[in-house]
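Asker: Need the 3D shape of this:
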Amino acid sequence: FENFDGKITTLYGKQIEFNTNNHIVLFNTAFAKSNSIKILSHDIELNKDTTLKDFQKMFPKSEMEQLDNPGEVRFRFYVNKEVDDAFLFYFKDGKLDYFSLWWLLC
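Answerer: Residues are numbered from 1 along each chain as shown. Next up, the predicted model:
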């Protein structure tokens, strides 16, 4: 971190948010209204038409987290067993709303 000035920049494009420190760029958040996420190894595509019921059928072992707002839930898929980094899938009123990558800079 000797050259890192502590500044993180956020970039936006097509309802997708990226974060960068002017060295690397990381995906942050994308809204399902305009984007999809593909899991190529299992031929799965998640988008605005993905229902909560469909998601639970595709990922039967996933745990649903109830959020503060009624009608909103989240699913968390960890990237690695030893870190907190995870893909988060947010549903609102039974449909995929957005997905994000939670990551720590350390």
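
Asker: Number of residues surrounding residue 81?
Answerer: Around residue 81 there are 5 other residues, counting by other CB atoms under 10 Å. No exception for glycine: its C-beta is placed from N, CA and C like everyone else's.

Asker: Can you verify it is assigned to a helix?
Answerer: No: read with DSSP: H, G, I helix; E, B strand; the rest coil, residue 81 is coil and lies in no helix.

Asker: what lines up beside the lowest-mean-pLDDT helix or strand in the chain in the sheet?
Answerer: Least confident helix or strand of the chain, by mean pLDDT, DSSP states H and E, is strand 9-13 with a mean of 80. Strand 9-13 pairs in its sheet with strand 16-20 (antiparallel), by DSSP bridges.

Asker: what's the helix or strand following the strand it pairs with packed up against?
Answerer: The helix or strand immediately downstream of strand 16-20 is strand 25-31, counting by DSSP states H and E. Secondary-structure packing of strand 25-31 (3 or more CB pairs under 8 Å, 6 or more residues apart in numbering; DSSP states H and E): strand 16-20, strand 95-102.

Asker: which residues sit against the helix or strand where residue 77 lies?
Answerer: Element membership for residue 77, per DSSP H and E: strand 72-78. With contact meaning CB atoms under 8 Å, 6 or more residues apart in numbering, strand 72-78 is reached by 52, 55, 59, 62-67, 84-92, 97, 102.
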